[in-house]
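Q: Need coordinates for the following:
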Amino acid sequence: MSLATPAGPAPERKVAWITGGGTGTGRAVAAAAARAGWAVVVSGRRPEPLRETAAAIGRDGGEALALPLDVQDVTAVAAARAAVVERFGRLDGLVLAAGLNTPRRRWDDQDVSAVHDVIATNLLAPVTVVDAALPDLRRSAGVVVVVSSYAGWTFSPGAGVAYSASKTALGPLVRALNQQEAPHGVRACHLCPGDIATDFLDQRPEVPDEAARAVMLTPEDVARTVQFVLDSPPHVRFDEVVVSPLSQR
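A: Okay, here's the model as predicted:
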């Protein structure tokens, strides 16, 4: 089931599909893309945050489609991609912002079922969504932004076994996509943000306080970076971008 703002897009308007688009960084990315004139599709597991995001974009004069989705479900991803194309007729940008971690991050305390869930969300889901969207991105010479992590760029001991492994693997995924799909005009970016002040921090073993969050990146900082990549000319590719708060260590 989809939840949408009613107005139809202008024919020339580009379309971005954002997973993890209901809250945090994904929501900020959706808002920034809408302000830049893109129609946006926001997906995630929880319908209500998606509805709120789409409604906020609609109130600001943008065009948004809320498309509830479990990105681990291969069949549901294929159906969601079909719904995007049925509604808009095209897909120009894909932003993969859905992510997961667990407070139990060490070999001596981790839950293996949680490890599988983290890897499925952070690594296997991006593979699934890119694979489903690739024919449309080829037609539009589109761009993919994989929202990874500082831990995907350099080893970060506190990030945990599953999170570090899954995010690090996104680098080769993006490089393979660029190497193989450049002839079709498809470009991909491995975006590695440092600490971001969102509710995702609540998954840490020790949750940062307000003073710690005050010196972190904001979701809007990351959204500006994503939009810069999305709006860059088609002959320009950002293979990997690392964006950090001054306080990052």
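Q: Now residue 142: closest residue in space, sequence neighbours ignored.
A: In this structure, residue 142 finds its nearest non-sequential neighbour in residue 92, 4.8 Å apart by CB to CB, 6 or more residues apart in numbering. C-betas here are computed from N, CA, C, even on glycine.
Q: State the number of residues packed around the one you found.
A: 20 (other CB atoms under 10 Å).
Q: One more: residue 145?
A: By other CB under 10 Å, the residues close to residue 145 number 28.
Q: Which secondary structure element is home to it?
A: strand 143-147 (DSSP states H and E).
Q: As CSV, could you dump the C-alpha coordinates of that strand?
A: The C-alpha coordinates for strand 143-147 follow below in CSV (Å, rounded to 0.1, in the frame of the first residue of the first chain):
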residue,chain,number,x,y,z
VAL,A,143,23.0,8.2,-9.7
VAL,A,144,23.2,6.0,-6.6
VAL,A,145,24.3,7.3,-3.2
VAL,A,146,25.0,4.5,-0.7
VAL,A,147,24.9,6.0,2.8
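Q: Okay, helices next: where are they in this structure?
A: In the chain, the segments counted as helices under DSSP state H are 24-35, 47-59, 74-88, 112-119, 125-140, 161-168, 170-181, 210-214, 219-231.
Q: closest to residue 98 out of these?
A: The minimum distance between residue 98 and the helices of the chain falls on helix 125-140, with 6.3 Å, by CB to CB.
Q: picking that back up, can you tell me the strand partners of the strand holding residue 145 and which way each runs?
A: The pairing partners recorded for strand 143-147 under DSSP bridges are strand 93-96 (parallel), strand 187-193 (parallel).
Q: returning to that earlier point: rebuild the helices of the chain as CSV, extending it with mean pLDDT.
A: What follows is those, written out as CSV (pLDDT from 0 to 100):
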stretch, mean pLDDT
helix 24-35, 98
helix 47-59, 97
helix 74-88, 97
helix 112-119, 97
helix 125-140, 98
helix 161-168, 97
helix 170-181, 98
helix 210-214, 93
helix 219-231, 98
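Q: and residue 13, which of those helices is closest to it?
A: Closest approach to residue 13 among the helices of the chain (CB to CB): helix 74-88, 8.2 Å.
Q: buried sites along that closest one?
A: 74, 76-77, 80-81, 83-85, 87-88 (16 or more other CB atoms under 10 Å).
Q: distance between it and the chain's centre?
A: Centroid separation between helix 74-88 and its chain, computed with CA atoms, centre = their mean, to the nearest Å, is 17 Å.
Q: quick one: that helix to helix 125-140, angle?
A: 30 degrees (axes from the mean of the first three to the mean of the last three CA atoms, to 10 degrees).
Q: same for helix 74-88, what does it pack against?
A: Packing partners of helix 74-88 (3 or more CB pairs under 8 Å, 6 or more residues apart in numbering; DSSP states H and E): strand 15-19, strand 39-44, strand 64-68, helix 125-140.
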